[in-house]
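> coords please:
(chains A and B)
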Amino acid sequence: MYKALEERVRKTLLHHIHERYKTDVPLVTERPPELSMGEIASPVCFELAKRLKKPPRALAQEIANSLKPIPGVARVEVAGGGYLNVFIDRAGFFRATCEEASKESTGAPVAAVPGAHKVIVEHTSINPNKAAHIGHLRNAVLGDTFARLLRYTGHRVEVQNYIDNTGVQVADVVLGFLHLEPQSLDEVRGLAAAPKFDYVCWDLYTRVTQWLAEDKSRLRMRADTLKQIEEGHGAAAQMAEIVATAIVDRHLKTVGRLGIGYDLLTRESDVLHLKFWDSAFEMLKQRGAIQLATSGKNQGCWVMQLPSNAENPAETAAPAPEEEPSELAEAKIIVRSNGTVTYVGKDIAYHLWKFGLLRKDFYYRRFGQSKDETGVWVTSSVPGAGSHPEFGHAREVYNVIDARQAYPQQVVAAGLRGLGYTEPADRLKHFSYNVVALTPRCARELGYEIPEEDAKKPYIEVSGRKGQGVKADDLIDRLEASAGKEVESRHPELAGTAEGRQMVDAISKGALRYFLLRYTRSTVIAFDFHDALSFEGETGPYVQYAVVRVQGIWRKGAERDPQFAGGDAIDPAEHGTVERFLAPGAGDDLWELIALAGSLDARVEAALTAQEPAFLTRYAFELAQAFNVFYHKHHILSEEDPWKRAFLLKLVWLARQQLVATLALLGITAPEKM
RNA sequence: GCGCCCGUAGCUCAGAUGGAUAGAGCGUGUGCCUCCGAAGCACAAGGCCGGGAGUUCGAAUCUCCCCGGGCGCGCCA
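Below you'll find the predicted structure:
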């Protein structure tokens, strides 16, 4: 509701200034620091004063006096040196917010706006050769939450998880099963069917890394293995298929514990076998987007020139004709002199497909052994039976990839641009985030040797190749154990019941998702079990608890009075009492909660524009905090004035609606009790 | 060397698009369960926003220069 009103105020002011002063100024609105200053403020008169050479305060006064009434606004005041402070019509805002909230879905996906363009969000994309760790979880949770935000605002969203099943990381594990700890195909199949196969591979991968380091000649074996896997034949390829498929299955189960799923798994092997690259290569050559270097250090390679000035690609797009590509420092190799394509080359082809610009498509089937029709879709190299949804053909693409990969992402965009697809290139967004590191204390706790000079650092990055890091399932297990203890101490009667398990599940999931989302994307998370396992303060369970308190009120109310109706109590709005309870002064604290509860739309908007899910965790916390303050101040069930009681109940209902909706966007549910 | 990110309370972090008195959580100290659940609430202590210059009516936020940290820049993926 707040967003709509803010926009209306902004438009009215702009129009008014345009009419009265015949000038257009950039107009921003903001939240005043205190409620006594209104709910919407604009410093526009400072800017206007500069242009008109008049004192800002006088201008503000003029505008405030001459402005026609704005629907939903009670009054406009002048404050400070020339601020325009807008005071919302409290009762009207309350009614409108309740109206909106009653239509709100509480978690179910919102139907896309008819005719909406498709947005692809790619996230997770873990190498399928070992167990997922906390860094992967940050990726998946960020991507999943952003997709929820897009869906909530009416976008058509397709979530993809890219599976690099033909890369060196898979090859390393296959190498381990072939040479380091030889196993037959059947034996590997057996291992892959066992529960903790991803942990087995985690350890094997570590040993292979060391084994390769011990004797560099073994790198040749790896190259051969990789080649076999890429070409898709031989024992190595079969083993890679078994390993990758089983690990992907493990990853899906792990992220599934946090409520994360996908529309499509795209496999690199299918990109290769369907020769997506060949098509892309032709396009790139035809458009001159890549050149064959005829001399210099890159001789024999196909290279792409990158604009040296990223901010102004147009200026550098056309190089001087006499310039030799081989001499350009900014050239990026796309095809090696031996004719094989690099990773970015494949990625360019894949992204052409994402935008529907490649004249090729995958085949599709359901993932998994079971023949059910519910499994996630996965790409295939061979025609499958039956129909499938249309995949790809996005207008906009978000790639959730950590900040270290900013450069390759730029190369992909440059590739699109080189083909003349400037608009798709602009709509290819790198949803960048920083890594999850460990605090030195945490690293020592896990038994890693930390040099003295590193012990003072705020965080240290550990090596996945060395098998260091916190495995996702281990962390979730610890959270569940910890939540289980809390639940048991509060509700011993629920031990072992389905309700108890659901409670533990909701709390641990809520704590973890909230923890990973509360940091802004550019922050390196210094992971520590103490913070991640906390259920107090700014955490998911704190917000969940606010919702649980509402259920408590309803439950208690129903126990005492069979007629009690909770959120559906008599509508106080219809009896003219809302104005009384929200009157400036006495009603300020209630109004504060309402103003915040009505700001969900504005916060969602901000989170989307800034691509910053952390804005929403912040909002959830603020709202829960405001509700808790309200809860302690007003005792609802013992309120004697029936109108006041009805009003407070409606307010409780509203706060709950907004909290539940916000949590749903964060992928968190609140249990009935906790 | 070039490019990107970061430096805010003892610790971990918010302060998007420049705005009014820089905020949370954790930790510390003190209160509050006969009262809708204390996974909570209230109060207190704690800050040259890394340093310096500049732009502006106004700078934690923008520009430049330092200092300190992290990450990229491969015929790896």
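
> ok so residue A:332 is a strand residue?
Yes - counting by DSSP: H, G, I helix; E, B strand; the rest coil, residue A:332 is found in a strand.

> which ones are touching it?
Contact analysis of residue A:332 by C-beta atoms under 8 Å, 6 or more residues apart in numbering lists A:303, A:304, A:305, A:306, A:344, A:411, A:414. Using the backbone N, CA and C atoms, a C-beta is placed for each residue, glycine as well.

> now do the SS call for the residue of the stretch 501-650 of chain A found nearest RNA strand B.
Nearest residue of the stretch 501-650 of chain A to RNA strand B (C-beta to the nearest atom of the strand) works out as residue A:537 at 2.1 Å. Three-state assignment for residue A:537 (three-state DSSP): coil.

> list the contacts for the residue of the stretch 101-250 of chain A found nearest RNA strand B?
At 3.5 Å from RNA strand B, residue A:167 is the closest residue in the stretch 101-250 of chain A, using C-beta to the nearest atom of the strand. Taking C-beta under 8 Å, 6+ apart, we find residue A:167 in contact with A:127, A:226, A:268.

> any weak-confidence spans in chain A?
A:105-110, A:307-330, A:369-372, A:567-575 (pLDDT under 70).

> how far out from the middle of the chain is the one helix or strand residue A:442 maps to?
Per DSSP states H and E: residue A:442 is located in helix A:440-445. Remark: helix A:440-445 is offset 28 Å from the chain centroid, using C-alpha atoms, centre = their mean, to the nearest Å.

> contact partners of the next helix-or-strand element following that helix?
Moving toward the C-terminus from helix A:440-445, the next helix or strand (DSSP H and E) is helix A:452-455. Residues from elsewhere that reach helix A:452-455, judged by C-beta under 8 Å, 6+ apart: A:440, A:460.

> by contact count, what packs against the helix or strand following helix A:452-455?
Later in the chain than helix A:452-455, the nearest helix or strand by DSSP H and E is helix A:472-490. On a contact count with 3 or more C-beta pairs under 8 Å, 6 or more residues apart in numbering; DSSP states H and E, helix A:472-490 meets helix A:134-152, helix A:234-256, helix A:498-517, helix A:529-532.

> tell me if helix A:472-490 is near RNA strand B.
Yes - under the criterion of C-beta under 7 Å from any atom of the strand, RNA strand B is reached by helix A:472-490 at A:483, A:486, A:487, A:490.

> export those to a markdown table and tack on neighbour count?
Below are the residues of helix A:472-490 next to RNA strand B laid out as a markdown table (neighbours: other C-beta atoms under 10 Å):
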| residue | neighbour count |
| --- | --- |
| A:483 | 24 |
| A:486 | 16 |
| A:487 | 22 |
| A:490 | 11 |
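
> can you tell me which of those is nearest residue A:449?
residue A:483 (31.8 Å; C-beta to C-beta).

> my guess is that closest one meets residue A:504, correct?
Yes - if you go by C-beta atoms under 8 Å, residue A:483 and residue A:504 touch, sitting 4.7 Å apart.

> up against RNA strand B, what does the stretch 301-450 of chain A have?
So far as C-beta under 7 Å from any atom of the strand goes, the stretch 301-450 of chain A lies against RNA strand B at A:301, A:310, A:333, A:336-338, A:340, A:342-344, A:403-408, A:434.

> deepest of the helices and strands packed on helix A:472-490, which one?
Comparing those by mean neighbour count (mean count of other C-beta atoms under 10 Å), helix A:134-152 ranks first with a mean of 24.

> near RNA strand B at all, the helix or strand following that helix?
Next along the chain after helix A:134-152, taking DSSP H and E as the criterion, comes strand A:156-163. No - Strand A:156-163 lies out of reach of RNA strand B by C-beta under 7 Å from any atom of the strand, never closer than 10.6 Å.

> so which elements touch the next helix or strand after strand A:156-163?
Next along the chain after strand A:156-163, taking DSSP H and E as the criterion, comes helix A:168-175. With contacts taken as 3+ C-beta pairs under 8 Å, 6+ apart, helix A:168-175 sits against helix A:197-214, helix A:218-231, helix A:234-256.

> just put these in a markdown table and tack on distance to RNA strand B.
Output for the helices and strands packed on helix A:168-175, formatted as a markdown table (distance: least, C-beta to the nearest atom of the strand, whole Å):
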| stretch | distance to RNA strand B |
| --- | --- |
| helix A:197-214 | 12 |
| helix A:218-231 | 8 |
| helix A:234-256 | 12 |
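
> now those helices in TSV, with distance to residue A:57?
Formatted as TSV, those follow (distance: least, C-beta to C-beta, whole Å):
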stretch	distance to residue A:57
helix A:197-214	66
helix A:218-231	71
helix A:234-256	56
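
> much appreciated, bye for now.
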